[in-house]
Structures are given as structure tokens and as C-alpha cells.
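Chemist: Pasting the sequence and the predicted coordinates here, then a few questions.
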Amino acid sequence: MALPLVYSVESLRARWRSSLVAVAGIAGSVAVFVAMLALARGFEQALVSTGSPDNAMIRRAGATSEMDSVIDMEELRVIEDAPEVARDARGPLVSAEIVVIVALPLRALRAEGAEANVQVRGIGARALDVHQGVRVAQGRMLTPGTAEIVVGRYARESYAGLEPGATVRLGGTPFQVVGVLDGGGSAFDSEIWADAAVLGPAYQRPRGYYQSAAARLASRETLDLLRQRLTSDPRMRHQVDRETDYYAKASEAMRGLILSLGALVAAVMGIGAVCGALNTLYSAVAERARELATIRALGFGSGAVLIAIVAESLLLSAVGGLVGVAAALPLDGLTTSTLNFQTFSHVSFAFRVTPDLLGLGVAFALAMGLVGGLPPALRAVRVPVAVALRDL
Amino acid sequence: MARVGATAPSEALICLRGVAKNYRRGSEDLHVLTDVNLDVDRGEFVALMGPSGSGKSTLLNLIGGLDVPSAGIIRVAGDPITSLSRSKLTTWRARHVGFVFQMYNLIPVLSAFRNVELPLLLLPLSKAERRERVATALRVVGLDDRMDHKPRELSGGQQQRVAIARAIVGDPTFLLCDEPTGDLDRHSADEILDMLHHLVGDFGKTVLMVTHDPRAAARAQVTFHLDKGELS
Ligand SMILES: Nc1ncnc2c1ncn2[C@@H]1O[C@H](COP(=O)(O)OP(=O)(O)OP(=O)(O)O)[C@@H](O)[C@H]1O
Ligand SMILES: [Mg+2]
């Protein structure tokens, strides 16, 4: 038979000062834990939402990213002619693209002259039809064949001199900003788009060479067919991925880094919090030696006492967990940026505090409670009742 | 009538035969109880006296199933409790023993009501039945108007009365009181002794009480003396 929960609750209330300290410790580590997960989740979502499940990403076999891939005109033709690729009255929905990395002055650190890498994407004429998550939020789309650029909204915020009407030198060629893109929180929001046919020559890239092709699929299911066709075609040496898979993979390294750093920080804080809980409960158990012995004398088993003390610890940690999670909640939607290791350019993204992360945060707190509560509980019941009653 | 020294088996409610208790202290064996034979009948009020350190509490703990003897047999209502496992003994205590301690040993964070209710949680009773029984027990000790008070809001005498209510609420087979008046002024001590007397006389309870106070012992029907490990 278990002791009533009020006993555990009241015991915590009676020691509210040290309980509060333990709660604060647990809340702190849970907040950090959730923040790190939200960071990793946000980064992943930004990159994954960059891709569309309706798009195929085609690049040279063995290329780790768009940067070291190549597609020539003839190969592009093969892709555009594939029946698995969607088309409309204006032709196949394929955007052959190149990517260059450009250092631009950061708006926030302009005075210090700090620069950061921004990814400039040279696109095909059908880019907006292929990347359907992207729309023009301000100004207009660039005109193909001209030295015009459109900038992602995060890029516009992060870098100096990207307001519509401004001129930016890319590879020595002056480009004019004509619009701002809304990529819906994806990595496109951190990019600058130019016409591939204009951007390439500005960087001495041979005309007619691209790095990757984004193709809208006739239907989601035709990806395998397209892959089969392109990989068995003797003219092609390319791999075909669903765009979402490509970007998910691209987010892995960074996610791994955030998660392992986050795990480390959360673990260190967690150990501190567990020690706090241990300390609180060890002294609580020591102070209450007679009381606990009396309870056992009345006929409550060791199990009941054990559960009551662990319950105290779990109550502490549950409160700590909820407070910690609540503290992490306002981070949701907050944007930040980091270096994308695949491309060495900056990607802005938002913290994503999702319900499952809140659940994980509380679970983390309860795990800390269990680890912090069991040893004192075991100590309390290890002493024989008769001895515990004497030791007053 | 309660007696000591009998070696033949008896029908007494509490029956100890050849009970010994040794403690190890360092390399030495401490023989606290050597050969205790005791019979206590149902409805008796027995006092136990003896010098400090003579083993009175040790004996009470053995009878109450808080500890096990090094040798000998203890029977309560015919059941040899000395052959019960520790966990069986715990369950047995809940049914059969009501403890009253010198320092009251109430749970400080719980109200008088909840303190008294505690042993009932171990019995198969509904919430309404528990409430009823707690109210009755607190009425018996004259504290039914203090149900919601925490122990620190009560005087020593009142706390001890709550402790007595807690000891009787489960209607145990007998009560063990270890210096129940040892920490009380004379007036409160008399109240407690009156109460124990009342429980024995009017409710037929069986009470074993350890005391240093001859006045307290005088309220019991029989007084035994423990010295050098033996009872007389
Ligand atoms: N768990 C134990 N380990 C070692 N020695 C013990 C233990 N319990 C009791 N003793 C010893 O046994 C002896 C009897 O102790 P006990 O508490 O029964 O005495 P008492 O008659 O109740 O004394 P008092 O009147 O002071 O309460 C003492 O010498 C005590 O130190
Ligand atoms: Mg004693």
C-alpha cells in the first residue's frame, strides 16, 4: 500500500526553499535541452522545407553537394525530355542551376566591416514554377537574360545593401536588386537568385554548364522511373534524389553538431541539476529519519517509503520540467543563423519548439528526478526500522 | 494475570519464551536480553520499568515486530511472529500493533486527521469508513475539534493524544507505549495515563507501557522490572 500523495506534496512544501532550488536547477537544464533540440529541429525544418517532395534534384553521381556537381547542355536536354518531368504550355518544369558563394557585409556588424558568406543561386527561367514554395514578396521577379537579382527575405535582413533598387557587384558585374523572395522559412530565404546564364559568365563559368537541375515531377510517384531512366541512360552519369531527401541529408552534419553540442551542455547542466536534487533529497531523508521510521513502524513497507520519496523527486522534476519547457517556449519562431557546412554559406532559420520536444523536455526532467530520487530513497529504507527509530 | 518466568506453553495473548537479544558492538557481543519469559493476557495494562539501557525498548520492539530476537519465540494470539519474514512482519504490525512513542512521532507535514488516518490506509476500508473511524478515534482522545491542525499547532499532550488516536484507530490487538509520558508535564501525563486506563477499562484494550515514572507504573495492573537482561 502506498503512502498518500499529499504526504509527498506536503513534504516538498515544508522544504519549499530547497525544493525551489532543485526545481530551478532542473528547469534550467530542461530549458537548455529543449532549446538545443529546437535549434536542431529548426535547422532541419529549414533545409527540409527547401526541398519539395514533388521535385527531383539531379546532380553528378558522387557529388556531395550542388557545389561539386556538373551538368552540361546535352545532359540538361535529356532531363527536360524525360516524360516523368512535369511540363506545361511553356515547356518542361526544369530549372538548371549554379551556385556561387559570395562574401557580403553583414548589416548588424557593418561598422566593423564583418562579412559573411551568402549563397547566390543562378536559376533557370522556370525556377519559380519548380520551387513552388517560393514567391515574390516585394518588387518583382528578375528578368531572364539581365543582370538582375532577387534576394531572400532573411538575406535582405542579414546583409547590408540588398534593398530593392540597390546594386551589388557579383564577380565584377553589377547586379540590380529588383525584388525580395519569401521562401517560407526555407534555405531559399537566405539566398540571392540571379539568372544562371548571366551569373555563370560573371564568374568565368563556361556557358552552358550547370551544377544541378531541379525538376518538377509529373507526379510524386514517378521519381523512381525518372531515376531508372537517367541512371540507365549511357549519356548520363547522374544521381537522382527526391529534393526533400537531398536537403534532409544536407542538414545532417549541422544537426548532428547542434545535437551533440546541445547534448553535452544539457548533460553537464543535467548532472548539476541531478546533484542538486540528490542533495535536497539526501538532506530531506536525513532530516526525516524518525518520521520515515515511524511510517514503516506503522506497517508501511519499504516499497511504500521508496515510492513516496521517489514521488517527491518526480514531483520536483515535473515542476522543473514544466517551468523549463515554458521558458524555452518563447524561442519558437525566433530566427537565428548558422553556417551550413555543406556549402559554407550562412543559413537563417527559426527555432522550432514542437510538442514532441516539449514532451522530451519533460521526460528529460523526469529521468533526472528518478536518478536524483532513487539513491536517497534507497538509503532511507536500507536502515532497519528499529535502528532508525533509535537514531533520533 | 500477566506473569514472568513461566516456561510451559500458555494461552496468553502475548507469550514470550526464552527470548534473547544480542547486539554486536565492535568485536563484543552485547547481551541485552538473556532469557525473557513473559505472558500478558487480553485486556491487561502492564508496566515495564528498569534502568536506562536495560533493554526495555529493545523488548518492546521485539514484541511489536520491529526487530527479531536472537533466540526464543514470541507468540501473539497464538501466532509465532518470530517465524514471519520481514515483509510479513510489516503487514502483521499494521493489523496487530498500535505504537505510542515518547516523542509522539507524528508526521509534521500532515494534519491530525491525516496522521490518524495513516494506519487505516493499510486496511481494506473505504474512504467513508476511514473518515468515520478517524473521527471516532479523535473523539475518544478528545481532539475531534482539532482534526485539521498540524502537529506543531498542538501542545505536547495533545500531540500524544493524536498519537494514541493513531495507535487505536486500526483496532489493533495490543498497544505498545514506550515512555508515553516521558516528555510531558505532570498534568498532561495524567491525561495520557487516564486515557490509557480508559482504553483498557472501557474498551478492553491490552497495553504494554515502558516508563521511568513510578506514578505512571502505579496506574497499571502489573509492573515488571527489567534488569541485567532478565525480567522480574
Ligand atoms: N541497534 C542496536 N545496536 C547496538 N546496540 C543497541 C541497539 N539497540 C539497542 N542497543 C543497546 O542495547 C541496550 C538496551 O537499549 P534499549 O534502548 O532497549 O534500552 P532502554 O531500557 O530502552 O533504555 P532507556 O530507558 O534509556 O530508553 C543499550 O545498551 C543500547 O545501547
Ligand atoms: Mg528506551
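Modeler: Looks like it arrived, so ask away. Keep in mind it's a predicted model, so treat the numbers as computed, not measured. Ligands and ions are numbered 1, 2, ... in the order given.
Chemist: List of residues touching the lowest-mean-pLDDT helix or strand in chain B?
Modeler: For chain B, scoring each helix and strand by mean pLDDT, DSSP states H and E identifies strand B:3-4 as the least confident one, at a mean of 85. Contacts with strand B:3-4, where a contact means C-beta atoms under 8 Å, 6 or more residues apart in numbering or on different chains, come from B:36, B:37, B:38, B:39, B:224, B:231, B:232. In short, each C-beta sits where N, CA and C put it, glycine included.
Chemist: closest to residue B:195 among those residues?
Modeler: Nearest to residue B:195 among the contacts of strand B:3-4, counting by C-beta to C-beta, is residue B:224 at 21.8 Å.
Chemist: host element of the closest one?
Modeler: Assigned by DSSP states H and E, residue B:224 belongs to strand B:222-227.
Chemist: which residue packs closest to whatever residue of the stretch 1-150 of chain A ends up closest to chain B, ignoring adjacent ones?
Modeler: Across the stretch 1-150 of chain A, the shortest distance to chain B (C-beta to the nearest C-beta) belongs to residue A:10, at 3.8 Å. Counting by C-beta to C-beta, 6 or more residues apart in numbering or on different chains, the nearest residue to residue A:10 once its immediate chain neighbours are dropped is residue B:109, at 3.8 Å.
Chemist: try residue A:157
Modeler: Leaving aside its chain neighbours, residue A:157 sits nearest to residue A:107 (6.9 Å; criterion: C-beta to C-beta, 6+ apart).
Chemist: who's in contact with that neighbour?
Modeler: A:157, A:158, A:159, A:160.
Chemist: next one: residue B:98
Modeler: When contacts are counted by C-beta under 8 Å, 6+ apart, residue B:98 touches B:119, B:166, B:167, B:168, B:170, B:172, B:174, B:175, B:176.
Chemist: Next step: these restricted to strands.
Modeler: B:174, B:175, B:176 (DSSP state E).
Chemist: Please convert the contacts of residue A:107 to CSV, extending it with neighbour count, pLDDT and distance to ligand 1.
Modeler: Listed next are the contacts of residue A:107 as CSV, based on neighbours: other C-beta atoms under 10 Å in any protein chain shown; pLDDT from 0 to 100; distance: C-beta to the nearest ligand atom, whole Å:
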residue, neighbour count, pLDDT, distance to ligand 1
A:157, 17, 88, 73
A:158, 23, 87, 72
A:159, 24, 90, 77
A:160, 14, 90, 79
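Chemist: pull the CA atoms of the strand holding residue B:224 into PDB?
Modeler: Extracted C-alpha coordinates of strand B:222-227, given in PDB (Å, rounded to 0.1, in the frame of the first residue of the first chain):
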ATOM      1  CA  VAL B 222       1.100  -5.200  36.900                       C
ATOM      2  CA  THR B 223       4.600  -3.800  36.900                       C
ATOM      3  CA  PHE B 224       7.600  -5.800  35.800                       C
ATOM      4  CA  HIS B 225      11.200  -4.800  36.200                       C
ATOM      5  CA  LEU B 226      13.900  -5.400  33.600                       C
ATOM      6  CA  ASP B 227      17.500  -5.600  34.800                       C
END
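Chemist: Any buried residues in it, and which?
Modeler: Across strand B:222-227, burial judged by 16 or more other C-beta atoms under 10 Å in any protein chain shown covers B:222, B:223, B:224, B:225, B:226.
Chemist: what's the closest of these to chain A?
Modeler: Chain A has its nearest neighbour among those in residue B:226, at 16.8 Å by C-beta to the nearest C-beta.
Chemist: Compare the ones in strands among the contacts of residue B:98 and tell me which is most surrounded.
Modeler: residue B:176 (28 neighbours; other C-beta atoms under 10 Å in any protein chain shown).
Chemist: In which helix or strand does residue 201 reside?
Modeler: Going with chain A. Going by DSSP H and E, residue A:201 is in helix A:196-202.
Chemist: Please refer instead to chain B.
Modeler: Residue B:201 belongs to helix B:186-203 when assigned by DSSP H and E.
Chemist: And for residue A:282?
Modeler: Per DSSP H and E: helix A:243-287 holds residue A:282.
Chemist: Helices of chain B, start to end?
Modeler: In chain B, helices defined by DSSP state H lie at B:56-63, B:86-96, B:112-117, B:127-140, B:156-168, B:186-203, B:214-218, listed in chain order.
Chemist: Next one: residue 19, what pLDDT does it get?
Modeler: I went with chain A, as the question did not name one. Note on residue A:19: pLDDT of 90.
Chemist: oops, I was thinking of chain B
Modeler: In this model, residue B:19 carries a pLDDT of 95.
Chemist: ok, back up a step: any chance of the helices of chain B in a markdown table, with distance to ligand 1 too?
Modeler: A markdown table is the format used below for the helices of chain B (distance: least, C-beta to the nearest ligand atom, whole Å):
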| stretch | distance to ligand 1 |
| --- | --- |
| helix B:56-63 | 3 |
| helix B:86-96 | 15 |
| helix B:112-117 | 24 |
| helix B:127-140 | 27 |
| helix B:156-168 | 17 |
| helix B:186-203 | 16 |
| helix B:214-218 | 13 |
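Chemist: With mean pLDDT as new columns, can the ones you listed be given to me in JSON lines?
Modeler: Formatted as JSON lines, the helices of chain B follow (pLDDT from 0 to 100):
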{"stretch": "helix B:56-63", "mean pLDDT": "95"}
{"stretch": "helix B:86-96", "mean pLDDT": "93"}
{"stretch": "helix B:112-117", "mean pLDDT": "97"}
{"stretch": "helix B:127-140", "mean pLDDT": "96"}
{"stretch": "helix B:156-168", "mean pLDDT": "96"}
{"stretch": "helix B:186-203", "mean pLDDT": "93"}
{"stretch": "helix B:214-218", "mean pLDDT": "94"}
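Chemist: Tell me how far residue A:21 lies from residue A:276.
Modeler: Per C-beta to C-beta, to the nearest Å, residue A:21 is found 6 Å from residue A:276.
Chemist: cool, and residue B:118?
Modeler: When C-beta to C-beta is applied, the distance between residue B:118 and residue A:276 equals 30 Å.
Chemist: swap in residue A:306?
Modeler: Going from residue A:306 to residue A:276 by C-beta to C-beta gives 21 Å.
Chemist: higher neighbour count, those two?
Modeler: Ranked by neighbour count (other C-beta under 10 Å), residue A:306 and residue A:276 place residue A:276 first, with 23 against 18.
Chemist: Quick check: the more buried one touching residue A:19?
Modeler: No - here residue A:276 lies out of contact with residue A:19, judged by C-beta atoms under 8 Å, at a distance of 10.4 Å.
Chemist: Looking at the record's assignment, how would you partition chain A?
Modeler: Residue ranges for the domains of chain A, per automatic domain parsing: A:5-48+A:252-388, A:62-236.
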